[in-house]
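**Q** Below are the sequence and a predicted model; questions follow.
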Amino acid sequence: MSVYSIRDLERLTGIKAHTIRMWEKRYRLILPARTDTNIRYYNDENLRLLFNIALLNRAGYKISKLAKMPPEEISARAAEFTRRTETIDTRIEALTLAMLDLDEAAFERVFLNYQWEHGFESVMLDVIYPFLSRLNELWLTRSISLAHEKFITQLIRRKLMVAIDGETLKPEATAPRLLLYLPEDERQELTLLFLFYLLRRRGIRVLYLGAGVSLGDLQDAAQSFKPDYVYTILNDPLPRQSVQQYLDKASRVLGDIRLLVSGVQVFSNNLHFPANVQRLNGLPETLQLIDQWKGRSA
């Protein structure tokens, strides 16, 4: 059983801590337990109940009415509302609950329903990518455990691998060549895999090296593949060197090849970018660049 502080509940559900306390005091909702030293804490059951209350409250249910319902009825009404409601926020909340419950079937329902209606690329851009942004915030604030993160990221990774394998390799002759990799100690591979899918689907030749690539291995691959661009993401701090040192070394290793970099570290540090290094502001700017390449190759 996981243990949450009131700030964890706030980050997970979007309900302010003072509102949670008010509901507790006025309506006896979401009652915490206490440690031997009288510190308040909440469990998984509290969290699920708060998620369902928040969902129904946003749908128009008054808190005074919800306070009179047993938890089972609240859960049933929330589940019915989720089935009937098609908003992105509702789907993201459903994915969050599926993650916290380690419920693969619930994840599949949300993912496959939206994919069936809008396609794989749309479910990733509209639902999964915003969810991953939220997941990253929860992980950084330690509101979720490593087990939760691994469970949900492996499910998404499986979806990406199936989608990538489903795209027949038909590169356009005039399209640029890209090499995708993550450096050593960088663990956020899902965005890179999604980019691999997007490029492959658009007929752009891609070499995917994955995570844990040293600069020596990068140099060897670049000499053989001869890419026009190399793309990487720097989200996690580099343990043995500064980001500036890493970019300077990568720049020298790649020579005339252009290095495209994105991620938290390239925006949170005061950096000087070598002439062959270009910073991209996350997935939106990366997608714009991909569309430019596709336009030139059409």
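**A** Arrived safely.
**Q** where in this structure is pLDDT low?
**A** With pLDDT under 70 as the threshold, the chain has low-confidence stretches at 1, 83, 85-86, 139-143, 169, 294-298.
**Q** let's see 80
**A** Counting by pLDDT under 80, the chain shows low-confidence ranges at 1-2, 12, 79, 81-86, 134-145, 168-174, 187-188, 293-298.
**Q** hey, where'd the strands end up in the stretch 51-200 of the chain?
**A** 177-183 (DSSP state E, counting those that start in this stretch).
**Q** Distance check, Asp126 against Ile20.
**A** In this view, Asp126 and Ile20 are 29 Å apart by C-beta to C-beta, to the nearest Å. Yep, even glycine has a C-beta here, placed from its N, CA and C like the rest.
**Q** Tell me which of those two has more neighbours.
**A** A count of neighbours by other C-beta atoms under 10 Å puts Ile20 above the other of Asp126 and Ile20, at 23 against 15.
**Q** List the buried residues of the helix or strand that one falls within.
**A** In the assignment (DSSP states H and E), Ile20 maps to helix 17-27. By neighbour count on 16 or more other C-beta atoms under 10 Å, the buried set for helix 17-27 is Ile20, Trp23.
**Q** Dump that helix to CSV, keeping only the CA atoms.
**A** Listed next in CSV are the C-alpha coordinates belonging to helix 17-27 (Å, rounded to 0.1, in the frame of the first residue of the first chain):
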residue,chain,number,x,y,z
ALA,A,17,-4.8,21.0,-0.2
HIS,A,18,-7.0,23.6,1.6
THR,A,19,-10.1,22.3,-0.4
ILE,A,20,-9.3,18.7,0.7
ARG,A,21,-9.0,19.9,4.3
MET,A,22,-12.3,21.8,4.0
TRP,A,23,-14.1,18.7,2.6
GLU,A,24,-12.7,16.7,5.4
LYS,A,25,-13.8,19.1,8.1
ARG,A,26,-17.2,20.0,6.7
TYR,A,27,-18.3,16.8,5.1
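**Q** Let me see the residues that make contact with that helix.
**A** By C-beta atoms under 8 Å, 6 or more residues apart in numbering, the residues outside helix 17-27 that reach it are 6-7, 9-10, 29-32, 50, 53, 63-64, 66-67.
**Q** Parallel or antiparallel, which strands does the helix or strand following it pair with?
**A** Read in the C-terminal direction, the helix or strand following helix 17-27 is strand 33-34, with elements assigned using DSSP H and E. In the sheet containing strand 33-34, the strands it pairs with under DSSP bridges are strand 40-41 (antiparallel).
**Q** Residues in contact with the partner strand: which ones?
**A** Applying C-beta under 8 Å, 6+ apart, the external contacts of strand 40-41 come out as Val3, Tyr4, Ser5, Ile6, Pro32, Ala33, Arg34, Thr35.
**Q** In ChimeraX, select just the buried ones from these.
**A** Typed into ChimeraX, the line below selects the buried ones among these, using 16+ other C-beta under 10 Å:
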select :4,5,6,32
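**Q** can you pull the buried residues of stretch 148-167?
**A** Using 16+ other C-beta under 10 Å as the burial criterion, the residues of stretch 148-167 that qualify are His148, Glu149, Phe151, Ile152, Thr153, Leu155, Ile156, Lys159, Leu160, Ala163, Ile164, Glu167.
**Q** Could you double-check that the second one lies in contact with Leu135?
**A** Yes: using C-beta atoms under 8 Å, Glu149 is in contact with Leu135, at 6.8 Å.
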